[in-house]
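**Q** Just a sequence and a predicted model for now, questions to come.
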Amino acid sequence: MNFTTSPIKCDPVPFWRWIMKNELELYLHIPFCVRKCAYCDFLSSPENGETIENYVEALIREIKAYQALSLNDIVVTIFLGGGTPSVLEGNQMERIFEALHEVFEIAEDAEILSDCRAEKILTPHVGELARLLHTTIAECQREPAGSAGRAAEKYQACCVRKDSVTVTAEEGREQYYINTSGSSALATAGSGDVLAGITGAFAAKRQCEKNEKKISLAKTAALAAYAHGKAGEAAEEKSSASYVTASEIIRGLQSI
C-alpha cells in the first residue's frame, strides 16, 4: 500500500504565540489640568470643556484603531496621566473604558491607576516644616504664619503648622487661622497621627457637603486642629500632661 503525503503548511507565527498572551501596559495621556503648574514639563493645559470633549473623541478613535493589532494581547495595567484625568466627566471616562474593553482583553486583576485632582493638607511640626522650606527651625518659629503660608504656596496645599501655637494657611489666601485650644499633653507620641486622622475625617465630611454649604479647606483643617486641641485638654483633665497617650486623646473627642 502506497501512502502519499501533502506538504504541511506552517503558519509563520510560532505556535506558542497562540498560547501565551502578550502582557500590555497601556498609558493614556490626558493633557488637561485645573491649571498649569510652573514645575510641570508634561504637555498639558488648563481644562476647557469643548476641547476636552474633542480630545476624548479623538482618543477613542485611536484606541479603536488598534482593534486588529490586539488579538494576542492582554492588558495588565492601565495608567491615565500627563495632566489630571479626574477633570474628565464621568461619562467621558466611561466611554474611554468602554472602548478599551471593546478593543483589548483586560485582565481580571488589571491594575488601573490615575493621577487625580486632590486637595492636599500638610501637617508638619516646625522641624518638618524647616526641612520642607530648606530653612531653620528658629526661622519657622520666628514667623509662625509666614512659614505656614510659604509652605502652602510652595506645595500648593493647605498647611497646618504644628507647634505650641498652631497656624493654618491655605495657598492663595492671606488669611490665617491661629488655634487657641490645646495643651502640653499634645506633645505625646502619636498625637500628630491623631490630628491627621481627625483632619482626614473632617475633610471627608466636607466633601459630602453641598457646594453652598462647603467651607474652605483651610477652615476645615483649622477646625480639626481645634478639635484635636480640645480633645487633648479633655485627656489631660482625666490624667496629667506627662501621662497622656494618643489613645486618650482619641477618647477625649467624646468630651467635645
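**A** Great, that's in hand.
**Q** all helices for the stretch 1-150 of the chain, in order.
**A** In the stretch 1-150 of the chain, the helices defined using DSSP state H, counting those that start in this stretch lie at 49-64, 90-103, 126-133, 137-142, 144-155.
**Q** Show me what counts as buried in the shortest one.
**A** Going by neighbour count (16 or more other Cβ atoms under 10 Å), the buried part of helix 137-142 is 137, 140-141. For glycine as for every other residue, the C-beta is placed from the backbone atoms N, C-alpha and C.
**Q** nearest to Ile215, of those residues?
**A** Among the buried residues of helix 137-142, Cys140 lies closest to Ile215 (Cβ to Cβ), at 26.8 Å.
**Q** Columns distance to Asp109 on top of the helices of the stretch 1-150 of the chain, output as JSON lines?
**A** Formatted as JSON lines, the helices of the stretch 1-150 of the chain follow (distance: least, Cβ to Cβ, whole Å):
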{"stretch": "helix 49-64", "distance to Asp109": "21"}
{"stretch": "helix 90-103", "distance to Asp109": "15"}
{"stretch": "helix 126-133", "distance to Asp109": "37"}
{"stretch": "helix 137-142", "distance to Asp109": "46"}
{"stretch": "helix 144-155", "distance to Asp109": "34"}
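**Q** Distance to Thr77 and mean pLDDT for these - can I get that in CSV?
**A** CSV is the format used below for the helices of the stretch 1-150 of the chain (distance: least, Cβ to Cβ, whole Å; pLDDT from 0 to 100):
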stretch, distance to Thr77, mean pLDDT
helix 49-64, 15, 93
helix 90-103, 12, 94
helix 126-133, 32, 94
helix 137-142, 41, 95
helix 144-155, 29, 93
